[in-house]
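Chemist: Here is the input, now give the coordinates:
(2 chains)
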Number of protein chains: 2
Amino acid sequence: MGELVERLRAGLPDGAVAVDPDVTAAYARDMAGFCEAGEPAVLVFPEDVEQVRFVLRTATELRVPVVPQGARTGLSGGANAVDGCILLSLTRMNRILSIDPVDRIAVVQPGVVNAELSRAAEAVGLSYPPDPSSWESCTIGGNIGTGAGGLCCVKYGVTAEYVLGLDVVLADGRLLRTGRRTAKGVAGYDLTRLLVGSEGTLGVVVEAALALRPAPGPQLVLAAEFDSVDAAGAAVCEVMAAGHTPSLMELMDATTVRAVNEMARMGLPESTRALLLVAFDGPDQRERLAEVEALCKAAGATGVVPAEDRAESELLLQARRLSLPALERLGTTMIDDVAVPRSALAAMLNGVAAIADRHGLTIGVVSHAGDGNTHPVVIFDAKDEDQTARARTSFDEIMALGLELGGTVTGEHGVGLLKREWLARELGPVGLELQRQIKAAFDPLGILNPGKML
Amino acid sequence: MGELVERLRAGLPDGAVAVDPDVTAAYARDMAGFCEAGEPAVLVFPEDVEQVRFVLRTATELRVPVVPQGARTGLSGGANAVDGCILLSLTRMNRILSIDPVDRIAVVQPGVVNAELSRAAEAVGLSYPPDPSSWESCTIGGNIGTGAGGLCCVKYGVTAEYVLGLDVVLADGRLLRTGRRTAKGVAGYDLTRLLVGSEGTLGVVVEAALALRPAPGPQLVLAAEFDSVDAAGAAVCEVMAAGHTPSLMELMDATTVRAVNEMARMGLPESTRALLLVAFDGPDQRERLAEVEALCKAAGATGVVPAEDRAESELLLQARRLSLPALERLGTTMIDDVAVPRSALAAMLNGVAAIADRHGLTIGVVSHAGDGNTHPVVIFDAKDEDQTARARTSFDEIMALGLELGGTVTGEHGVGLLKREWLARELGPVGLELQRQIKAAFDPLGILNPGKML
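Modeler: Modelled structure (predicted):
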């Protein structure tokens, strides 16, 4: 590995190459559980496109694997090191290059933090909607790599819908420009979308043109409690069937509600089996909220609390925001990410409860109910081998259930290492073979994030 | 070709195989000008997925090219026959298989006419937004093949944004299922989007899962006239920069306005240099329209007419709807499809006027101003060789101008035969090579719509 480091040092600025094992080890993992991480050979922090090209050319010449990384907040092991790799951190390429309020397009480097872009857009009356839980620290490059979602998706969609064009360094160092810097365009195969969600296996994103939207007004939130998951699931279906598009529609199960109460003494109703939060941000939000209140009651809600103003709305949302931290206090957590048709939401939640019972485990479920994306959080004692094994089994059973219900094994977190075998099951042999051929077209030597996804 | 026809007849129902040259010639072209069409060997009308698979298997075994077709309303020659090909018409696979109002998903066969799906969605309070001009006759399969747009795109986006998953017959007859039947999902490379806009060069779409939206309310329209294209372009920029998202924002130039008046005696102001139509469909549409009226006046509008009701709105929209038929009365027309950044709209229109002057031609321009997508319509006498040559040159100069202004050579009509060389210019050598490798991965024998796009 002497030659690799020597060559990288010769072509990169001072301080851009780290080999101290304590340092490189600290960058060897993202936030996923149940995932292996290898020992990196070197960690580099390029500062511009030419430096990234230099790193990739060097990697190709020496046949060294490259693992691109952002803030490593991912939940599927996609950014984990493989043995002997170059860890390619894009965090120093963190400039917002332009924001155009007429074309509503931002051009950014990959290391820009999601929240920074959101705030810069807000400053000119615009918004960048995708809002993963980690938005205060995760990077746009990582969001693009995983196809990240968030709470906004029921109305505003996922990251993919905001990526108009990309500059990408290919495995051999060539620079590819995809897509467009216009609102519309259909010239050629859509390589932009092919790269979104490709987890660094096809190329390294070094610049992105992103669509922005006019800033929505503040949300008004309603909380509805139900004494059964079926009633809550029915309410979700009724709201969508009535033609509403909430700006947020989240469902917390009883385990989650109890955990939040324990942590934050929020006084949420302990008897509830499911707590539904629904929000609107449009000019008719009060009328919409009143209609949703009626629909929830008709579906059997045992209590409905509409917020009167922004402060009350924030308070209700706080319960949802605290869900993951509250569940994490109960033990080691594995967060799953199965999306099902909305109509199968109740079946999914009941199925997860049955899996938890069968394995004697606690599984809390928070869901982006509006788009059918559930996050069952399996809680276990990592020091207890048997419990850990049961947690792993239940995690897999949850994915199997999702596929059975017509869903997908990942709604927004990506495949990485964690769900590689499950991706193969979901795609089937024909799809898998085509995906492998596409990988080979982009990366014939297989040096880009090897072993991830496929 | 005896063996080909014999084998197709043996495997397809009576009446599904046509060889009469009068019949096959009638299917040999779409609606694009300036495009060659070859002589098809045979025309087939499969009725189900297995029959399509049979056709493709046969084509692969005999190494015969296959040209998939819908209603042949395309404007780029993408559906034109190549010599000795199988014309594969999907028009008999025209069933809407399901519409689910909870998941807001329609599952359809490719031969379903756009307007039929729109009406079926409306019947349950939903809408399928993409609305190309040919919506009363074009098919969903064709819309997916070209990535079709329409008037709705400024607010509701193009076809690609509504395609969740596809069933696709590959060149060798294998069946590929892509994407998902859920609102959300990021499992694997996005083959769905790769297929949208691929013009039948990667596979034959035999089923599509499409996202639907709640039906918007009726639009309220405003017409604003300007004495210069620059003032109209400035108004478009001001409206977008102020954070509005109209449900429609169309711009007609002086040539188009005169042509519409001549055809329909609509009494549009003959002195106008540009007529802007802006519409809103939300609950705050009257307030929005009043704000846009003020912005147009500030930008120098010489007259603004806001519609009071739905009937007046329809009347104003009629002017836009008649634009293409009105221009077609003036001679043979070639419709271009260049999208530029919104901020470059005025520069684009002025540049097109200069091109028209230089070549002594009439070029009317209608634009989806809200997304920067211009349709310059070059008018010429097809019997006049010199004029035809000038028309062809000006058509190309318009694309060159679009690229210079940071735009794309096709916003929504596709590449087909018409813009093949221009696609190569837009993509550059790296992009072109990757696109060719993707084509080779899907279609190693090159039998699917050969010579189109790439």
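Chemist: buried set for the lengthiest helix in chain A?
Modeler: Among the elements of type helix in chain A, defined by DSSP state H, the one spanning the most residues is helix A:420-442. Of the residues in helix A:420-442, those with enough neighbours to count as buried (16 or more other C-beta atoms under 10 Å in any protein chain shown) are A:422-424, A:426-427, A:431-432, A:434-435, A:438-439, A:441-442. For the C-beta atoms, the positions are set from N, CA and C on the backbone; glycine is no exception.
Chemist: Can I get those residues in CSV including distance to chain B?
Modeler: Rendered in CSV, the data for those read as follows (distance: C-beta to the nearest C-beta, whole Å):
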residue, distance to chain B
A:422, 8
A:423, 6
A:424, 9
A:426, 5
A:427, 6
A:431, 6
A:432, 8
A:434, 6
A:435, 5
A:438, 6
A:439, 8
A:441, 4
A:442, 7
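Chemist: Quick check: the farthest pair among the residues you listed?
Modeler: A:422 and A:441 (24.2 Å; C-beta to C-beta).
Chemist: Next to chain B, which bits of the stretch 51-200 of chain A? Give me the list.
Modeler: Those residues of the stretch 51-200 of chain A that sit near chain B, judged by C-beta under 8 Å from any C-beta of the partner chain, are A:100-105, A:125-126, A:146-147, A:149, A:153-154, A:158, A:160-161, A:170, A:174-178, A:180-191, A:193-194, A:196-198.
Chemist: So which of these are in helices?
Modeler: In helices, judged by DSSP H, the following of those are found: A:146, A:153, A:154, A:191, A:193, A:194.
Chemist: which of the residues you listed has the most neighbours?
Modeler: Neighbour count (other C-beta atoms under 10 Å in any protein chain shown) singles out residue A:146 as the most crowded of these, with 32 neighbours.
Chemist: got a list of what it touches?
Modeler: Residues touching residue A:146, when contacts are defined by C-beta atoms under 8 Å, 6 or more residues apart in numbering or on different chains, comprise A:74, A:76, A:78, A:159, A:197, A:199, A:412, A:413, A:414, B:186.
Chemist: Isn't the fifth one up against residue A:147?
Modeler: Spelled out, that is residue A:197. Yes. Because the distance of 3.3 Å satisfies C-beta atoms under 8 Å, residue A:197 is recorded as touching residue A:147.
Chemist: what sits in contact with each of the two?
Modeler: A:160, A:414, B:186.
Chemist: Spatially nearest residue to the second one (excluding sequence neighbours)?
Modeler: Just to be clear, that refers to residue A:414. The spatial neighbour of residue A:414 that comes closest, neighbours along the chain excluded (C-beta to C-beta, 6 or more residues apart in numbering or on different chains), is residue A:146 at 3.8 Å.
Chemist: how much space is there between that neighbour and residue A:250?
Modeler: When distances are taken as C-beta to C-beta, to the nearest Å, residue A:146 and residue A:250 turn out to be 20 Å apart.
Chemist: How about residue A:276?
Modeler: In this view, residue A:276 and residue A:250 are 7 Å apart by C-beta to C-beta.
Chemist: Wait, a strand at residue A:383?
Modeler: No. If the criterion is DSSP: H, G, I helix; E, B strand; the rest coil, then residue A:383 is coil and not within a strand.
Chemist: and it, how many neighbours?
Modeler: As a burial measure, the neighbour count of residue A:383 was computed by other C-beta under 10 Å and equals 9.
Chemist: what's the answer for residue A:168, then?
Modeler: By other C-beta under 10 Å, the burial measure for residue A:168, its neighbour count, is 28.
Chemist: now what about stretch A:384-402, what contacts it?
Modeler: The contact list for stretch A:384-402 (C-beta under 8 Å, 6+ apart) reads A:34, A:332, A:334, A:336, A:338-340, A:348, A:351-352, A:355-356, A:358-361, A:363, A:374, A:376, A:378-382, A:408-409, A:419, A:422.
Chemist: Do a quick rundown of the strands in the stretch 1-150 of chain A.
Modeler: Listed in chain order, the strands found in the stretch 1-150 of chain A under DSSP state E, counting those that start in this stretch are A:17-18, A:42-44, A:66-69, A:86-89, A:96-100, A:105-108, A:126-127.
Chemist: want to throw those into CSV with mean neighbour count?
Modeler: Conversion of those to CSV gives the following (neighbours: other C-beta atoms under 10 Å in any protein chain shown):
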stretch, mean neighbour count
strand A:17-18, 20
strand A:42-44, 24
strand A:66-69, 27
strand A:86-89, 25
strand A:96-100, 16
strand A:105-108, 23
strand A:126-127, 20
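Chemist: Would you mind putting these into CSV with mean pLDDT alongside?
Modeler: CSV is the format used below for these (pLDDT from 0 to 100):
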stretch, mean pLDDT
strand A:17-18, 98
strand A:42-44, 98
strand A:66-69, 98
strand A:86-89, 98
strand A:96-100, 97
strand A:105-108, 98
strand A:126-127, 97
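Chemist: Quick check: residue A:159 touching residue A:192?
Modeler: No. Contact between residue A:159 and residue A:192 fails when scored by C-beta under 8 Å: they sit 11.6 Å apart.
Chemist: Compare these two and say which one has the larger neighbour count.
Modeler: Here residue A:159 and residue A:192 are set side by side on neighbour count (other C-beta under 10 Å), and the busier one is residue A:159, at 28 against 23.
Chemist: Phi first, then psi, for residue A:14.
Modeler: Per-residue torsions, residue A:14: phi -60, psi 140 (degrees, to the nearest 10).
Chemist: how far away is it from residue A:49?
Modeler: 19 Å.
Chemist: These two: who's more crowded?
Modeler: Set side by side, residue A:14 and residue A:49 show unequal neighbour counts under other C-beta under 10 Å, the larger going to residue A:49 at 16 against 6.
Chemist: from what I can see residue A:245 touches residue A:155, true?
Modeler: Yes. Assessed by C-beta under 8 Å, residue A:245 is found in contact with residue A:155 at 5.3 Å.
Chemist: And the two? Which one has more around it.
Modeler: Legend: neighbour count by other C-beta under 10 Å for residue A:245 and residue A:155, higher for residue A:155 (20 against 17).
Chemist: And the pLDDT for that one?
Modeler: Listed pLDDT for residue A:155 reads 94.
Chemist: ok, for it, nearest residue in space, not its chain neighbours?
Modeler: Nearest residue to residue A:155 in three dimensions, chain neighbours excluded: residue A:247, at 4.8 Å (C-beta to C-beta, 6+ apart).
Chemist: Can you get me a residue count around that neighbour?
Modeler: Counted with other C-beta under 10 Å, the neighbours of residue A:247 add up to 24.
Chemist: Residue A:406 touches residue A:343, doesn't it?
Modeler: No. The pair residue A:406 and residue A:343 fails to qualify as a contact (C-beta under 8 Å) at a distance of 9.0 Å.
Chemist: what about these two, which has more around it?
Modeler: Neighbours per residue (other C-beta under 10 Å) separate residue A:406 from residue A:343, with residue A:343 holding more: 21 against 16.
Chemist: what's the pLDDT at the closest residue to the more buried one other than its chain neighbours?
Modeler: Leaving out its chain neighbours, the residue that sits closest to residue A:343 by C-beta to C-beta, 6+ apart is residue B:102, at 4.7 Å. Model confidence at residue B:102, expressed as pLDDT, equals 95.
Chemist: Repeat that for residue A:1.
Modeler: Looking at residue A:1, its pLDDT reads 52.
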